[in-house]
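[1] Next one to model:
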Amino acid sequence: MNNRLSKNLISYHWLLWLFLFLLGALVLIIYQNFDFSIIVNAFHNNFLDQFFKYVTFLGDGRFVFLIAFIFLIVNKKFGTSLLISLLINTIFIQVLKRVIFSNQFRPSFYFKSLIDNGSWNMIDGVELYEKFSFPSGHTASAFCLCISLCFFIKKKYYLLILVFLAYLVGFSRIYLSQHFLIDVLTGALIGSLIPLLTHTYIDPLIFDKKKIKV
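    Have a look, this model is predicted:
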């Protein structure tokens, strides 16, 4: 394994990332997509409805790119790295969603009868979509942003908070009936690998001190 890649993976926040990812994978194996979505939907309350309704925006494309442009002004090197990761992530996710897996439908498509008869908990102000379910773009964007920040921020407990926050965004997509668990886990994996590979392989090429001063 590349020495730089090995170094980047040796951190407590990756242990938390792996634990939560494996926990999600275990839940997927036990309950499968449909049953888990039904279980989550049964535990709605007003506080969680509002909490996840707004937390999910941390994975919105407009938000993550706004953060990237702010960093581009404040810290050119990190802002450029973040922007590259987000661009690669966005293109890759959209190709998967709209070309390769364009026939994958969201929970609202499969649970339409429950929604129509009022058996499915709905959240005011949340519009449900039916197409382009796999993988979750919000989740991938949230992880891409948070994992990128983990390379910039040095304090360990902040890194743990960032990883946990990214998983909260992922869970919000299930809670809001926008995605299935498999969509979220795949988005988390893609959104984490892209900044890791960008930081390991692309950044050194762009920011070679002998060539470019930032």
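[2] show me what contacts residue 57?
    By CB atoms under 8 Å, 6 or more residues apart in numbering, residue 57 lies in contact with residue 63. Placement of C-beta: from N, CA and C, glycine included.
[3] longest helix in this structure, by residue count?
    When the chain is scanned for its longest helix (criterion: DSSP state H), the result is helix 12-41.
[4] Give the next helix or strand downstream of that one.
    Using DSSP states H and E, the helix or strand that directly follows helix 12-41 along the chain is helix 46-55.
[5] The longest helix of the chain: which residues count as buried?
    By neighbour count on 16 or more other CB atoms under 10 Å, the buried set for helix 12-41 is 13-14, 16-17, 20-21, 24, 28, 33, 36-37, 40-41.
[6] Widest-spaced pair of these?
    Farthest-apart pair in these is 14 and 41; separation 31.2 Å (CB to CB).
[7] Contact partners for the residue nearest the centre of the chain?
    The residue lying closest to the centre of the chain (CA atoms, centre = their mean) is residue 139, at 2.2 Å. Contact partners of residue 139, counting by CB under 8 Å, 6+ apart, are 59, 166, 169-170, 173, 179, 183-184, 187-188, 191.
[8] repeat that for 10 Å
    Taking CB atoms under 10 Å, 6 or more residues apart in numbering as the criterion, residue 139 is in contact with 56, 59, 93, 166-167, 169-174, 178-179, 183-191.
[9] Tabulate the buried residues of helix 12-41 (JSON lines), appending pLDDT and distance to residue 74.
    What follows is the buried residues of helix 12-41, written out as JSON lines (pLDDT from 0 to 100; distance: CB to CB, whole Å):
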{"residue": "13", "pLDDT": "87", "distance to residue 74": "22"}
{"residue": "14", "pLDDT": "90", "distance to residue 74": "26"}
{"residue": "16", "pLDDT": "91", "distance to residue 74": "27"}
{"residue": "17", "pLDDT": "95", "distance to residue 74": "26"}
{"residue": "20", "pLDDT": "96", "distance to residue 74": "30"}
{"residue": "21", "pLDDT": "97", "distance to residue 74": "31"}
{"residue": "24", "pLDDT": "97", "distance to residue 74": "33"}
{"residue": "28", "pLDDT": "97", "distance to residue 74": "39"}
{"residue": "33", "pLDDT": "95", "distance to residue 74": "40"}
{"residue": "36", "pLDDT": "97", "distance to residue 74": "40"}
{"residue": "37", "pLDDT": "97", "distance to residue 74": "40"}
{"residue": "40", "pLDDT": "96", "distance to residue 74": "38"}
{"residue": "41", "pLDDT": "96", "distance to residue 74": "41"}
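[10] For the residues you listed, give me CSV that also has distance to residue 130.
    CSV is the format used below for these (distance: CB to CB, whole Å):
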residue, distance to residue 130
13, 35
14, 35
16, 34
17, 31
20, 28
21, 27
24, 24
28, 22
33, 15
36, 19
37, 14
40, 18
41, 16
